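J.: could you look at this predicted model? Sequence included:
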Amino acid sequence: SVQMRSGFTALGLIFAIFSVATASDVVCRFRAGTMQTYDDMSACIKSIPFSQSVADQTLAAVSQLLEMNVFKDVLLSPPSPFEYLATDLSAEVQALKATPMTTDYELQQGISNIFIALKDPHSVYAKPACYRNFGFALPFGLTAALEDGEQVIRLSNLPAAQQFLSYQYIAAHPEAATYLGKRVLAIGFNGTVPMEDPLEVIRRWADINCYISKSASARFNRAVKGDFFLRTQTIFGIPEHPTMALELEGVGRVVLPWLGYSQADLFSAADMAALCPAASSAANGPAPAPAHPALSPAATPMARFLAEVQGPAPAHTTEEDMNEATPDLRRLFISAYIEAYVYQHNSTNTTTDPAVPTTALLRIPSFSPDTIPHFVDALIAAMKAIAAAGPERLLIDVRSNGGGYVSLGYNTVKYLAPRIYPLSGEYNVRHNAITDALLHAAFSNEQRYDYLSHTVIPGDNWYNPGVSRSFQDMSGSSFNHTYSGSYTFDVADDEGDAGAAYAKLAANPSPVIFDPQHMAVITDGLCGSTCSCFAKRIQESHAAKMIGVGGVWHNGMPPSGPFDVSSFAGGSVLDSLFLDEQRAALSPSDPALKTLPPVFPRNGYLRFAFEEVFSWNWTTRARGTPLEFNVNPADWVIPVWPSTDAGDASPQLLTQIFRRSAAYFDTCAPWEVKYDAACPIAHGRGGRPCDAAGEFDMNSCRILDCDTGYYRNAEDLCVIIPPAAPTGLVVPWWVWLAIGGALVTIVLVVVGIVCCCKRRHNEYQPLGLVAPPPPASV
């Protein structure tokens with residue numbers, strides 16, 4: 001009957017409601033620091049239902065913020081070899097808007113995936129805190145090595161912060177303790193797909209999912225360092241399969257599960273939802289930040305960027321461990337920001353342990369100290385310690401340096417290679433309604449300068465009226481968009497405590513300067529942002545050799561494609577939280593409020609490249625290609641990869657770097673010029689160029705560098721730097737116009753009075769008035 005059917009329907013509805021309520025009670029019950037199953041963690045992440053209003057407001061904010069991304073236009077048709085990155089960001093957002101969804105996770109990860117494809121950590125979407133809270137990891141990490149001429153992958157420990165997962169997994173599966181150190185012969189997903197070569201599986205996954213770099217070698221390095229087996233949910237999505245199958249040497253096939261972990265204690269789905277509260281409108285302001293300190297974003301755009309890209313600083317090796325690891329390696333100096341080592345060969349058996357000339361290593365893991373003066377003090381002290389050790393060569397180690405203060409990077413270049421000019425880069429920004437509206441409130445707090453002469457650019461002339469640039473869309477049609485004029489910054493203007501620190505650096509020059517034949521930069525390609533400007537400035541000025549580490553090796557040979565010395569050069573980074581701060585500082589009547597994008601209804605945020613920087617190479621600059629899309633290849637690549645548990649500065653790893661890089665000091669790079677006083681260069685120094693055989697051609701001369709006050713132009717000549725204008729008070733153009741108008745008015749008034757007086761004098765004469773006679777002569 002209809003009545004009976006209605007009764008069953010009501011009972012079914014009650015049962016469904018009860019089931020949902022029961023599921024909500026049991027899902028999302030996690031203790032921080034404990035191992036969770038893939039299914040439980042995935043169910044919790046997907047427990048927040050889709051909301052159309054949240055989606056509409058979130059995507060509207062993303063769409064408006066895209067206009068501030070300085071690479072929005074060039075990404076439509078990127079220059080070679082980056083054609084594969086071609087993306088219409090606006091079209092991608094519209095496509096996502098039309099995609100049916102049932103959970104909030106689908107929306108948030110869909111936005112994140114758009115930006116993962118750009119391979120630019122400056123431009124990513126950080127999901128709300130309820131997702132940032134979680135991560136997935138395999139029970140073991142991976143490490144790469146070259147053994148008997150063949151690159152192999154082995155299981156290793158997880159990074160220190162996630163090692164509790166390994167301990168808990170091994171406690172439940174004691175046989176897994178024997179897996180550590182085993183060579184991985186093949187990898188498959190979910191135990192059902194065909195097993196494949198591990199290098200190929202990792203490389204392919206990294207090319208699709210690693211957003212850290214446009215360089216394939218850097219992506220592979222990042223994958224084996226963590227991303228392949230450790231998926232934090234800030235950017236990455238839930239692993240596609242709950243398990244991964246591995247063929248282990250001497251063990252056979254094992255199936256490892258993805259393990260979930262939580263940073264905060266959760267007791268219910270309601271706790272999960274509380275981490276992502278929604279603000280209903282822009283008038284209500286942004287959603288509140290999560291109460292858990294580990295999930296709250298850092299205070300500035302740069303700090304938020306570095307916290308996600310670089311992670312926590314690794315622990316330092318003790319002196320006892322260093323002495324036990326290798327007698328040849330000695331630490332000279334250590335601080336939170338700078339480390340210095342010296343390698344002195346002590347073995348008498350040069351057959352099995354080849355002699356290496358005394359070589360120092362200056363390790364710079366980051367350009368983001370707590371204060372710039374602390375970094376400067378450490379740099380001065382480290383170089384004094386290096387000079388006292390008397391090394392013949394210097395390695396500058398910037399592996400995995402994610403950037404920091406741009407002025408610190410440029411000043412470090414100047415300290416180590418003082419003849420470089422221009423020092424800082426040339427920048428511009430994309431014109432858009434948000435920057436237009438906030439130009440004076442948010443973007444005019446720093447003085448801009450002409451790139452070459454360092455002449456002050458008055459007022460907002462750096463931005464207005466702008467320059468029209470031509471681009472191609474994805475169909476090949478041309479279009480134009482307005483960008484600011486080109487400018488640079490004073491290298492101390494952008495950080496408040498920098499001026500005095502850089503003056504101290506200038507007053508205490510490095511006690512030893514190494515020429516290009518005796519200085520090399522060590523990079524894994526993950527040197528990014530400020531570090532990218534640091535490494536590429538040194539490389540383009542030919543101040544040091546460039547030695548890459550890692551990548552994918554085939555048959556004992558280094559990576560076949562170009563190994564870019566750095567990644568995500570970008571220029572500068574901003575995010576939506578910065579605009580929220582600007583919104584809060586504006587008065588309610590400020591018209592700029594109408595231009596700002598809506599707030600993100602949950603506490604996610606969008607990061608974007610705001611300024612682009614250009615190459616210092618005049619030929620490259622003439623093409624108008626941003627440094628982000630320039631490949632600066634390393635001169636050589638050595639087979640060295642870090643282990644996840646020992647870190648980048650273990651004594652064993654540093655010893656490998658010293659030994660494997662030694663041979664390249666005896667070979668000249670194709671660009672290299674060795675100083676020779678017999679090669680005179682007007683206003684500079686000359687020397688002998690490297691020939692095709694890797695030796696210096698003593699019958700040829702070429703420019704090496706320029707004297708102080710000169711720079712190397714596109715014709716490879718040393719020409720005088722244009723004189724700079726005084727950098728004191730800058731008077732805007734309209735003030736000069738007003739002053740000029742006032743002066744003209746005064747002149748006209750005076751002329752008018754004089755003319756009037758003469759006219760009146762002439763008119764009085766007919767009345768018979770005569771001038772008095774001159775006084776009589778005495």
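T.: Nice, I can see it. Please read all numbers here as calculations on a predicted model, not as lab measurements.
J.: residue ranges with poor pLDDT in the stretch 551-700 of the chain?
T.: When residues are selected by pLDDT under 70, those of the stretch 551-700 of the chain lie in 619-623.
J.: how does it look with 80?
T.: 618-624, 643-647 (pLDDT under 80).
J.: now do the strands in it.
T.: For the stretch 551-700 of the chain, the strands defined by DSSP state E, counting those that start in this stretch cover 571-575, 605-613, 636-638, 673-681, 684-689.
J.: convert the C-alpha atoms of the second one to PDB, please.
T.: Think strand 605-613. The C-alpha trace of strand 605-613 is given here as PDB (Å, rounded to 0.1, in the frame of the first residue of the first chain):
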ATOM      1  CA  TYR A 605      45.100  31.000   0.100                       C
ATOM      2  CA  LEU A 606      46.500  31.600  -3.400                       C
ATOM      3  CA  ARG A 607      50.200  32.400  -3.900                       C
ATOM      4  CA  PHE A 608      51.400  34.000  -7.200                       C
ATOM      5  CA  ALA A 609      54.500  35.400  -8.900                       C
ATOM      6  CA  PHE A 610      53.900  39.200  -8.800                       C
ATOM      7  CA  GLU A 611      57.200  40.600 -10.300                       C
ATOM      8  CA  GLU A 612      59.300  38.900 -13.000                       C
ATOM      9  CA  VAL A 613      63.000  39.300 -13.200                       C
END
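J.: can you list the residue ranges for helices in the stretch 601-750 of the chain?
T.: 618-622, 651-661, 733-764 (DSSP state H, counting those that start in this stretch).
J.: and what of the stretch 451-600 of the chain?
T.: According to DSSP H, counting those that start in this stretch, the helices that the stretch 451-600 of the chain contains are 498-507, 530-540, 576-585.
J.: which residues touch the first one?
T.: Put plainly, it is helix 498-507. Identification of contacts with helix 498-507 by C-beta atoms under 8 Å, 6 or more residues apart in numbering yields 372-373, 375-377, 379-380, 405, 407-408, 411, 415, 491-492. Where C-beta positions appear, they are placed from N, C-alpha and C, glycine not excepted.
J.: of those residues - the most surrounded one?
T.: Leu408 (30 neighbours; other C-beta atoms under 10 Å).
J.: flag the shaky bits of the stretch 1-150 of the chain, pLDDT-wise.
T.: 1-26.
J.: among the contacts of helix 498-507, name the ones in helices.
T.: 372-373, 375-377, 379-380, 407-408, 411, 415 (DSSP state H).
J.: just the closest of the residues you listed to Leu75, please.
T.: The closest of these to Leu75 turns out to be Ser407 (C-beta to C-beta; 28.0 Å).
J.: returning to what we had before: possible to save the strands of the stretch 551-700 of the chain as CSV with distance to Leu256?
T.: Converted to CSV, these look like this (distance: least, C-beta to C-beta, whole Å):
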stretch, distance to Leu256
strand 571-575, 36
strand 605-613, 33
strand 636-638, 31
strand 673-681, 52
strand 684-689, 53
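J.: give me the distance between the residue nearest the centre of the chain and Ser123.
T.: With distances taken as C-alpha atoms, centre = their mean, Ser529 lies nearest the centre of the chain, 3.2 Å away. Ser529 sits 12 Å away from Ser123, going by C-beta to C-beta, to the nearest Å.
J.: quick check: Tyr463 touching Thr482?
T.: No - the criterion here is C-beta atoms under 8 Å, and Tyr463 misses it with Thr482 at 9.9 Å.
J.: pull the contacting residues for the closest residue to Ser661 other than its chain neighbours.
T.: Nearest residue to Ser661, sequence neighbours excluded (C-beta to C-beta, 6 or more residues apart in numbering): Ile547, at 5.3 Å. Ile547 sits next to 395, 520-523, 634-638, 661, 664 when contact means C-beta under 8 Å, 6+ apart.
J.: nearest to Pro562, of the residues you listed?
T.: Distance ranking of those against Pro562, using C-beta to C-beta, places Ala634 first at 8.2 Å.
J.: what's the burial count for that closest one?
T.: Applying other C-beta under 10 Å, we find 28 residues neighbouring Ala634.
J.: show me what contacts it?
T.: 523, 546-548, 563-565.
J.: what's the closest of those to Asp56?
T.: Looking across the contacts of Ala634 and measuring by C-beta to C-beta, the closest to Asp56 is Asp564, at 39.4 Å.
J.: wait, the closest one sits on Phe629?
T.: No - using C-beta under 8 Å, Asp564 is not in contact with Phe629; the gap is 10.7 Å.
J.: the two: who's more crowded?
T.: Asp564 (26 against 21).
J.: quickly list what that one is bridged to.
T.: Per DSSP bridges, the residues bridged to Asp564 are Pro633.
J.: for it, list the residues it contacts.
T.: If a contact means C-beta under 8 Å, 6+ apart, then Asp564 has 213-215, 217-218, 525, 631-634 as its contacts.
J.: SS state for Arg219?
T.: helix (DSSP: H, G, I helix; E, B strand; the rest coil).
J.: do you know how far it is from Asn209?
T.: Arg219 sits 9 Å away from Asn209, going by C-beta to C-beta.
J.: neighbour count: these two, which is higher?
T.: The neighbour comparison of Arg219 against Asn209 (other C-beta under 10 Å) goes to Arg219, with 27 against 18.
J.: can you give me the pLDDT of that one?
T.: pLDDT for Arg219: 97.
J.: my guess is it meets Ile212, correct?
T.: Yes - using C-beta under 8 Å, Arg219 is in contact with Ile212, at 6.4 Å.
J.: where do the contact lists of those two overlap?
T.: Common contacts of Arg219 and Ile212, defined by C-beta under 8 Å, 6+ apart, comprise Lys119.
J.: compute the distance between the nearest residue to Leu59 once chain neighbours are set aside and Leu394, please.
T.: Excluding its sequence neighbours, the residue lying closest to Leu59 (C-beta to C-beta, 6+ apart) is Lys97, at 5.2 Å. Look at Lys97 and Leu394: by C-beta to C-beta, they are 54 Å apart.
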